[in-house]
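[1] coordinates only, sequence not included:
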Ligand code: ADP
Ligand code: MG
């Protein structure tokens with residue numbers, strides 16, 4: 001998972017992160033998995049809230065740090081929002097029944113998902129959130145794992161052209 005990201009975009013405030021989340025929400029299909037990496041406060045939950053709104057989910061999305069997994073229906077796709085920060089052992093991940101969620105036909109978003117690599121499916125989008133110089137500056141690096149996401153990176157790059165810092169051209 002350490003290869004160079006396919007697309008790196010800049011966000012200078014939470015609203016810009018929402019714009020990035022909306023662009024990604026528009027290309028989501030049933031069964032997609034988004035793995036969100038990055039330190040506390042980097043913007044993973046902020047991103048997921050905007051993603052849920054863009055999917056047409058009316059319920060307020062809250063951080064699942066304590067509930068671990070939360071399901072939201074009523075949008076274009078069901079959203080499963082997970083946060084595996086508190087899990088210290090991979091056995092605890094088993095309790096989350098991830099394979100069932102991956103097969104459920106919804107979208108699965110996993111905060112800190114990069115820490116449970118062995119439990120991830122064959123294909124997913126890895127989005128790493130990093131802090132920048134100013135308090136509100138972030139960079140979001142997207143790495144497509146598997147062909148289904150690789151096929152969508154070009155389109156996302158076009159949609160987010162104004163925010164691009166770096167991109168790998170296939
Ligand atoms: P995480 O889930 O990664 O721990 P949160 O989304 O809960 O992070 O918190 C991010 C905090 O940083 C929020 O208070 C948000 O308003 C703020 N913030 C400031 N700038 C940005 C940005 N560019 N993108 C996302 N969040 C930002
Ligand atoms: Mg969070």
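    Received it, and whenever you're ready, just let me know what you need. Owing to the predicted nature of the structure, the values given are computational and were not obtained by experimental measurement. Ligands and ions are numbered 1, 2, ... in the order given.
[2] Show me what residue of the chain gets nearest to ligand 2.
    residue 45 (3.4 Å; C-beta to the ion). Where C-beta positions appear, they are placed from N, C-alpha and C, glycine not excepted.
[3] Let me know whether that residue touches residue 111 as I believe.
    Yes - at 6.7 Å, residue 45 and residue 111 qualify as touching, with contact defined as C-beta atoms under 8 Å.
[4] what sits in contact with each of the two?
    Counting by C-beta atoms under 8 Å, 6 or more residues apart in numbering, the shared contacts of residue 45 and residue 111 are 63, 83.
[5] okay, those two: which has more neighbours?
    The neighbour comparison of residue 45 against residue 111 (other C-beta atoms under 10 Å) goes to residue 111, with 26 against 20.
[6] Dihedrals phi and psi, the more buried one?
    phi -70, psi 140 (degrees, to the nearest 10).
[7] Same check on residue 82?
    With angles defined as degrees, to the nearest 10, residue 82 sits at phi -120, psi 150.
[8] For it, give me its contacts.
    64, 68-70, 96, 101, 108-111, 113 are the contacts of residue 82 under C-beta under 8 Å, 6+ apart.
[9] possible to save these as JSON lines with secondary structure?
    Listed next are the contacts of residue 82 as JSON lines, based on DSSP: H, G, I helix; E, B strand; the rest coil:
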{"residue": "64", "secondary structure": "coil"}
{"residue": "68", "secondary structure": "coil"}
{"residue": "69", "secondary structure": "strand"}
{"residue": "70", "secondary structure": "strand"}
{"residue": "96", "secondary structure": "coil"}
{"residue": "101", "secondary structure": "helix"}
{"residue": "108", "secondary structure": "strand"}
{"residue": "109", "secondary structure": "strand"}
{"residue": "110", "secondary structure": "strand"}
{"residue": "111", "secondary structure": "strand"}
{"residue": "113", "secondary structure": "helix"}
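[10] ok, and which of those reach ligand 1?
    Restricting the contacts of residue 82 to those touching ligand 1 (C-beta under 6 Å from any ligand atom) yields residue 111.
[11] with the contacts of residue 82 in mind, which one is nearest to residue 32?
    residue 108 (7.4 Å; C-beta to C-beta).
[12] ok, the residue in the chain positioned nearest to ligand 1 - contacts?
    Per C-beta to the nearest ligand atom, residue 43 is where the chain lies closest to ligand 1, at 2.9 Å. Going by C-beta under 8 Å, 6+ apart, residue 43 touches 11, 14, 17, 129, 138, 140.
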